[in-house]
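Engineer: for reference, the sequence and a predicted model appear below.
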Amino acid sequence: MSRSEIARLLCRGILNVLRCALICVLLAPVAYSQGQQRSTGQRLSAEKIDELIGRVKAGKFDPMELVQLADSGAPQAAQVLKEQFALSATPAFIKEHIAYGLIKLGEKDQTYWDFLVMRAKAAVESDAPFTNSFDPQGKIVPRQLAPEFIEWAKAHNLPANDAAYAQAYDLPGSLLFLARTGDPRGRDLLRRGMASRNYFIQAAAAKGLAKLKDKESVPLIIEACRKAPEEVAVAIAWALVFFDDPQAQAAAERFITNKEMLEGLRKIWREKGIDGIL
């Protein structure tokens, strides 16, 4: 999910920021598959490709248009994406889109993979506690950042609300870009993500491991679900639906108690295969 899509979902108060973040994590498979349909459901015409390249050259593009260019498979897209990546003024989150796109286009230059790894490592290695408190039923408590998180932000000289936004959106988003590549070089980093204190990062890592069909990671994902509060355990467990593995499927049924949600995910899996996860 691009930053622009997240922005459209984002609510202004910190009360809703974390609720929206959970929704983003939960809806990511559906939203992304719909986005893929929009970008790849019809092959882009040469005119459309030229239009997108022109928009990138002019610096007037939506991040999802970078994904469209990558999905087009057009070899002429690679050069303009490389030029945009090299600009010092290009924001880091745009460079994530570009690096992902170039890898998808088959670019072998290690620069772009290394950039995604650098950003993903920052997410995985963050020592921040989870942003919110939970009630006895395992639901996120509205309007209440966890005291432990507030203390962490204070110790790092960060405004608590800004730090919460980064933990809910920016860091998990960076890990998702690496996860979406489906590149096996990211497996160990994704496995490390399952030990994060940030449940959104755990959910992103679980999706990446599912995309890699890394069945050896199923116990890691199940254990993360077992330890997590109910509301976020569901988000982590979504990845289990996309494993062709009896243990994973049984655990998905245990943690995703909403049967309509579970069947919806299984429908995506049947129709899209593993690509439906991200």
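Structural biologist: That came in fine, so what should we check first?

Engineer: alpha carbons only for contacts and neighbour counts from here, please
Structural biologist: Will do.

Engineer: the nearest residue to Ile49 once chain neighbours are set aside: what secondary structure?
Structural biologist: Nearest non-adjacent residue to Ile49, counting by C-alpha to C-alpha, 6 or more residues apart in numbering: Leu69, 6.9 Å away. What DSSP: H, G, I helix; E, B strand; the rest coil gives for Leu69 is helix.

Engineer: tell me the mean pLDDT over stretch 205-222?
Structural biologist: When pLDDT is averaged along stretch 205-222, the result is 97.

Engineer: before we move on, back to that, residues in contact with the residue nearest to Ile49?
Structural biologist: Applying C-alpha atoms under 8 Å, 6 or more residues apart in numbering to Leu69 gives the contacts Ile49, Leu52, Ile53, Ala77, Gly101.

Engineer: now the first one: how far from Ser72?
Structural biologist: If you measure Ile49 against Ser72 using C-alpha to C-alpha, to the nearest Å, the figure is 8 Å.

Engineer: just to revisit the earlier point, let's have the contacts of Leu69 in a markdown table, adding distance to Arg180.
Structural biologist: Formatted as a markdown table, the contacts of Leu69 follow (distance: C-alpha to C-alpha, whole Å):
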| residue | distance to Arg180 |
| --- | --- |
| Ile49 | 22 |
| Leu52 | 22 |
| Ile53 | 23 |
| Ala77 | 19 |
| Gly101 | 10 |
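
Engineer: show me the residues you listed that map onto helices.
Structural biologist: Among these, DSSP state H puts Ile49, Leu52, Ile53, Ala77, Gly101 in helices.

Engineer: need these in CSV with neighbour count, distance to Lys215 and pLDDT, can you?
Structural biologist: Formatted as CSV, these follow (neighbours: other C-alpha atoms under 10 Å; distance: C-alpha to C-alpha, whole Å; pLDDT from 0 to 100):
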residue, neighbour count, distance to Lys215, pLDDT
Ile49, 20, 38, 90
Leu52, 20, 39, 90
Ile53, 22, 39, 91
Ala77, 21, 35, 88
Gly101, 26, 27, 89
